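S.K.: I would like the atomic coordinates for the input below:
(2 chains)
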Number of protein chains: 2
Amino acid sequence: MKPIKVGLLGIGTVGGGTFAVLLRNQEEIARRAGCAITMAMVADKDVDKARAIAGDRVVVTADAYEIVNHPDIDIVVELIGGTGIAKELILKAIANGKHVVTANKALLANHGNEIFAAAQKKDVMVAFEAAVGGGIPIIKALREGLSANRIEWIAAIINGTSNYILTEMRDKGVSFDAALEEAQRLGYAEADPTFDIEGIDAAHKLSIMAAIGFGIPMQFSAVYTEGISKLTREDIRYAEELGYRIKLLAISKRKAQGIELRVHPTLIPERRLIANVEGVMNAVLVMGDAVGQTMYYGAGAGAEPTASAVVADLVDVARMLTADPEHRVPHLAFQPDQLSNTPILPMGQVESAYYLRLRVFDKPGVLADITRILADLGISIEAMVQKEPREGEDWVNLIMLTHLTLEQHVSDAIVKIEALPVVADKVTRIRLEEFN
Amino acid sequence: MKPIKVGLLGIGTVGGGTFAVLLRNQEEIARRAGCAITMAMVADKDVDKARAIAGDRVVVTADAYEIVNHPDIDIVVELIGGTGIAKELILKAIANGKHVVTANKALLANHGNEIFAAAQKKDVMVAFEAAVGGGIPIIKALREGLSANRIEWIAAIINGTSNYILTEMRDKGVSFDAALEEAQRLGYAEADPTFDIEGIDAAHKLSIMAAIGFGIPMQFSAVYTEGISKLTREDIRYAEELGYRIKLLAISKRKAQGIELRVHPTLIPERRLIANVEGVMNAVLVMGDAVGQTMYYGAGAGAEPTASAVVADLVDVARMLTADPEHRVPHLAFQPDQLSNTPILPMGQVESAYYLRLRVFDKPGVLADITRILADLGISIEAMVQKEPREGEDWVNLIMLTHLTLEQHVSDAIVKIEALPVVADKVTRIRLEEFN
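M.R.: Prediction:
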C-alpha cells in the first residue's frame, strides 16, 4: 500500500510527542499497519519552532488551511485544542473529504454531535482515542472491546491534575492550596487550573464516554459538575479513618428512569483497586452486564502517552482508509441512526450514598434532632462518628455515612439541619460509592 | 446488512454464556454492529442439554462437522477446548472459508502459527480475544490500542485460580493445600488443577500475548514455567513483612539479546496497583515506550465474562466480513510477513532481582561464607533479614533480597550455598520485580 500522508495542526506538547513517536517507531508501526504512515505537513503559528522540531523533510506552514485543503493529505491530526479555530479546521478537513484524528475533548464534548454528523455525511472518520484518558485505549475498549455488553455504569479518575492534588493532600496532609501550588510547580496544573480542579475537563471526557457506553448523543451541558477545590484535609483524614479514599470521579449510570451524568469528589472503599490509583494516573472502571467490572489504567496526559493514542488512531484510520464506510466502527459505538434519547436525570433524582460532616454543639438532644430529620426523609444511617471536641471548644465534628438515598432527600435534609440552632457552618456533603 | 449466522461448537459453561449474552443483548449488539448476529446452529455431544439451552429455533446437532461444513454458517465459534478435535474442526472451518472465533488458548499456544497460516491462505479471520484474560479486551489493547508503541514488557496475573489461592494464603494464613481445596470447593479450581497451579495455563496465554506484543511467532515450548504449588505461608508472610506481595506472574520482556518468556511466583512491591489484584481477578500490565505503563483488569474466567469477549469478536468479525482482507488487523498484530525471529532467552540469561530464603546454622562466620559466595558471583544484596530461631532450635531463616542479576549467577550461587555444611535444606528462590 502507498504511504499514508498525515498533516499535523499544532506542534505543541502533544504534537511534538506525536511527531517523535511516529518517527521513532516508524518501522514497527509500518510492520503493524501494512503501510508507512508519514508526517508530511505541519502547521503551527510558531513556524520557527515547528521547523526546529519537524526538520527539513516536512513542509512547515503557519497556515493550517494549507493542510486541510491540500490534496496530498489523507489524514489531518488536530492538536490545537479549544473550540474556536480547531472546530473550523476540522469541519473544513471533513468537507474536503479528509479523515481526522483529534485529542480535543472540549471540542467533542461541546460540538461532537455536529462534527460526527458532518463526518457521517462525507463518509470520513473522526478518531478521538486521545481525547479521554491519554494513552489508555479506553475509547476502543468501550466501543469495541465491550460491544457484547449492556453497559451499566462507568466511573473514572479521568483528570490527572485533580488526582495528583488529592494524592498529595492525603499522603502529606497538606491543604488543597498547597497541593495545587506544588502541582503547578511540577507542571501538572496550569496557571489557571479551573478546568481541571472544578471538574470541567472530567465532565468533557465523561460526556464522550457516556455517549459511547449508552448509545446517546453527547450532552456536556447536562453533566452535574463539582470540583475538588472545597475539599479539606479534615474530610480526607476522616474518610481515611472510616476506610475510604476521596477521588474526583466522573460517573455515569444507566437507571430505569434515565442516565446519571456527574462529576464530584467521591468516597471509595480503600480496598477497591480504583481507590489506589495515585498521582497523575487515570483509571476508568466500567460495569458491563456480561463482563462485570473491568478497569483500564494508565497515564492520562503527557506528550508521548497522548501521542500513543493519536498514532494508534492513525493506524486504525490508515487501515480502513479505502474500505467501505459500512465496515467502520461507528463514531459513537452505535450506528448513528440508532442513538437513543434516554433522558439525563437531574441531580436531585440521582441515587447515592453520602458522607455528611456537621459541626454541632456538643449537648444532649442534638443527635436526636438530626436523626429525626434524616428519618423523616427516609434517609438511613450506615455509620456515625462523633469526634472529640478540640481543647476548650463546645463544637464537635459529627460524621455520618448514609445508605443509598435520593440526592433530593439529602438536599432537603441539609437545609433543615442547617436551620437548627445547634448546627454551625454549612453541612459538608461528599457522595460515596461502594462499587460492590 | 443481512443477519450474520453463527454456528457454536460446544455449549458448556462459556458456550452457554455466549448463547445467553447474544440473546439477551441482541438488540444492543445489532445497534452497534449494524446487523443482527444470530446463533443459527449449536453442536454438542450432549444433544439434550444443548436443546434445553438453545431452544427450538436453533438447529442442534451432535455432529460438529455439520456446522463447519454448512453453507449458511458465516462464523464458527469453537468452545470445545483442547488440542484434538477442536483443531480439526477449526482447520476444516477455515478450509471451508468460514471465519472462526475461539477461546482456546491451549490450541493457539501450541498450534496457533499453523492455524493463522491456514486462515491467511483462505483469507478468513480467526479471532481469539477470549483466549487471554476472559472478558478483558487485552488482545485488542495490545494489537490495536497500543499499536504506536514499541512494547518493552508485559507482566500479567492471568490465571484466576492461582491468584485466588495466593490471595487466600495471604489473607487467611492458610497453606497451599488448604487454599487449593477451598478453590476446588468453590469451583475456582478443577479436580486436576495442574494446568492452573503449575503455570501452564498462564504460559499458554503469555505466548499469545508475547507474539502480539513483540511481533514474534508463538513459542509456548520456550516459556519457562514454574507454578505456585511449592510456595509456603512462611514465604508469603516474610515477603509481606518486607513490603511485598507474591503473585504468579507471566512476564515477557524485550532485551537486547532476545526475549524473556517466563511464568513464576514473583514478589511485587505492595504499593503497585497490580500487587492489589485479588481473588480470581486478572490484570495485565504493559509497558510501551510511548505510553508508559497501562493496566487492564477484570474477570479472567467465567461464563459471561468470557462470553463478553467471544461476542465482541463476533461483532468485529461481522463488521469486516465483506471487507477486503487488507483492511483487517493482522492475527498477531504485525503483518504475517513481518514477524521477527528474535530468539527467546534461556532462563539462565534472564535478569531479575531475587528473594532468597536459607535455613542456616546460627553461628559466627556463616554470614561471611554466604555473602562471599554471592560477592564472587557479582550478586549484590539489597536487604537482609535474619529471623529469630524458634525456641530450642539452632537453625534460623535468613532472607536476602538481591539487586538485579543474571539468573545463571543466582543458580550457581545456590549450588555453592547448598553445599555449605552450615546450610540446611534447599534454598528458596523467588524472583522479584519492582516495576518502577
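S.K.: could you pull out the strands for the stretch 51-200 of chain A?
M.R.: Here the stretch 51-200 of chain A has its strands, by DSSP state E, counting those that start in this stretch, at A:59-61, A:75-78, A:99-102, A:126-127, A:151-157.
S.K.: same question but for the stretch 301-436 of chain A, I mixed them up
M.R.: Using DSSP E, counting those that start in this stretch, strands in the stretch 301-436 of chain A cover A:351-361, A:381-386, A:395-402, A:405-406, A:423-432.
S.K.: circling back: take the strands of the stretch 51-200 of chain A and write them to CSV, including distance to chain B.
M.R.: To be clear about C-beta, it is placed using only N, CA and C from the backbone, and glycine gets the same treatment. CSV is the format used below for the strands of the stretch 51-200 of chain A (distance: least, Cβ to the nearest Cβ, whole Å):
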stretch, distance to chain B
strand A:59-61, 23
strand A:75-78, 12
strand A:99-102, 11
strand A:126-127, 12
strand A:151-157, 9
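S.K.: possible to save these as JSON lines with mean neighbour count?
M.R.: Formatted as JSON lines, those follow (neighbours: other Cβ atoms under 10 Å in any protein chain shown):
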{"stretch": "strand A:59-61", "mean neighbour count": "18"}
{"stretch": "strand A:75-78", "mean neighbour count": "28"}
{"stretch": "strand A:99-102", "mean neighbour count": "27"}
{"stretch": "strand A:126-127", "mean neighbour count": "26"}
{"stretch": "strand A:151-157", "mean neighbour count": "24"}
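S.K.: could those strands be laid out in CSV, adding mean pLDDT?
M.R.: Below are the strands of the stretch 51-200 of chain A laid out as CSV (pLDDT from 0 to 100):
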stretch, mean pLDDT
strand A:59-61, 97
strand A:75-78, 98
strand A:99-102, 98
strand A:126-127, 98
strand A:151-157, 98
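S.K.: ok, back up a step: closest one to chain B among the strands of the stretch 301-436 of chain A?
M.R.: Of all those, strand A:423-432 sits nearest to chain B, with 20.4 Å by Cβ to the nearest Cβ.
S.K.: what mean pLDDT does the closest one have?
M.R.: Strand A:423-432 shows a mean pLDDT of 95.
S.K.: quick one: buried residues of it?
M.R.: A:423, A:427-432 (16 or more other Cβ atoms under 10 Å in any protein chain shown).
S.K.: Distance to chain B added to those residues, as TSV?
M.R.: TSV is the format used below for those (distance: Cβ to the nearest Cβ, whole Å):
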residue	distance to chain B
A:Val423	39
A:Val427	33
A:Thr428	29
A:Arg429	29
A:Ile430	23
A:Arg431	23
A:Leu432	20
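S.K.: Pull out the buried residues from stretch A:38-49.
M.R.: A:38-44.
S.K.: Just the CA atoms of that stretch, as CSV, please.
M.R.: Extracted in CSV, the C-alpha atoms of stretch A:38-49 (Å, rounded to 0.1, in the frame of the first residue of the first chain):
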residue,chain,number,x,y,z
THR,A,38,4.4,9.7,7.4
MET,A,39,4.1,13.2,8.7
ALA,A,40,4.0,15.2,5.5
MET,A,41,3.0,18.7,6.7
VAL,A,42,2.9,20.6,10.0
ALA,A,43,1.1,23.8,10.7
ASP,A,44,1.9,26.0,13.7
LYS,A,45,1.7,29.7,14.3
ASP,A,46,5.3,29.5,15.5
VAL,A,47,6.9,28.4,12.3
ASP,A,48,10.5,28.5,13.6
LYS,A,49,9.7,26.2,16.5
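S.K.: Verify the stated contact: A:Phe298 with B:Thr294.
M.R.: Let me fix one detail, which is that residue A:298 is Gly and not Phe. Yes. Using Cβ atoms under 8 Å, A:Gly298 makes contact with B:Thr294 at a distance of 3.4 Å.
S.K.: Now for the residue nearest to A:Asp324 when sequence neighbours are not counted: which residues touch it?
M.R.: Closest residue in space to A:Asp324, ignoring its immediate chain neighbours: B:Ala323 at 6.9 Å, by Cβ to Cβ, 6 or more residues apart in numbering or on different chains. For B:Ala323, the contact set (Cβ atoms under 8 Å, 6 or more residues apart in numbering or on different chains) comprises A:323-324, A:327.
S.K.: what do you get for A:Lys363?
M.R.: A:Lys363 touches A:394, A:422, counting by Cβ under 8 Å, 6+ apart.
S.K.: same thing with A:Ala299?
M.R.: Contacts of A:Ala299 (Cβ under 8 Å, 6+ apart): A:134-136, A:160, A:280-282, A:305, B:291-294.
S.K.: go on, A:Ile80?
M.R.: A:9-10, A:64, A:86, A:89, A:104.
S.K.: Go back to the buried residues of stretch A:38-49 and keep what's next to chain B.
M.R.: Near chain B, judged by Cβ under 8 Å from any Cβ of the partner chain, there are no entries from the buried residues of stretch A:38-49.
S.K.: So what pairs up with A:Arg262 in the strands?
M.R.: A:Tyr224, A:Ile251 (DSSP bridges).
S.K.: check contacts around the spatially closest residue to A:Val350 that is not a sequence neighbour.
M.R.: Closest residue to A:Val350 apart from its sequence neighbours, by Cβ to Cβ, 6+ apart: A:Glu407 at 4.6 Å. Contact analysis of A:Glu407 by Cβ under 8 Å, 6+ apart lists A:347-352.
S.K.: what do you get if the cut-off is 10 Å, keeping everything else the same?
M.R.: By Cβ atoms under 10 Å, 6 or more residues apart in numbering or on different chains, A:Glu407 lies in contact with A:224, A:260, A:262, A:345-352, A:354, A:429, A:431.
S.K.: what's the answer for A:Leu314, then?
M.R.: A:4, A:6, A:18, A:21-22, A:29, A:33, A:37, A:39, A:74-75, A:77, A:99, A:101, A:127, B:147-148.
S.K.: Now do the same contact list for the closest residue to A:Glu278 other than its chain neighbours.
M.R.: Closest residue in space to A:Glu278, ignoring its immediate chain neighbours: A:Thr167 at 4.8 Å, by Cβ to Cβ, 6+ apart. By Cβ under 10 Å, 6+ apart, A:Thr167 lies in contact with A:179, A:183, A:245, A:247, A:277-281.
S.K.: What of A:Lys253?
M.R.: A:151-155, A:210, A:213-214, A:259-262, A:287, A:345, A:350-352, A:433.
S.K.: Quick one: buried ones out of the residues you listed?
M.R.: With neighbours counted by 16+ other Cβ under 10 Å, the contacts of A:Lys253 contain buried members at A:151-155, A:210, A:213-214, A:259-262, A:287, A:345, A:350, A:352, A:433.
S.K.: Now do the same for the residue with the largest distance to the centre of chain A: its pLDDT.
M.R.: Going by Cα atoms, centre = their mean, the residue of chain A most distant from its centre is A:Pro364, 45.4 Å out. For A:Pro364, the pLDDT comes out at 84.
S.K.: Where does the prediction get shaky in chain A?
M.R.: A:1 (pLDDT under 70).
S.K.: and the gap between the residue in the stretch 301-436 of chain A that chain B sits nearest to and A:Thr225?
M.R.: The minimum distance from the stretch 301-436 of chain A to chain B, using Cβ to the nearest Cβ, falls at A:Val311 (3.3 Å). Distance of A:Val311 to A:Thr225, given as Cβ to Cβ, to the nearest Å: 31 Å.
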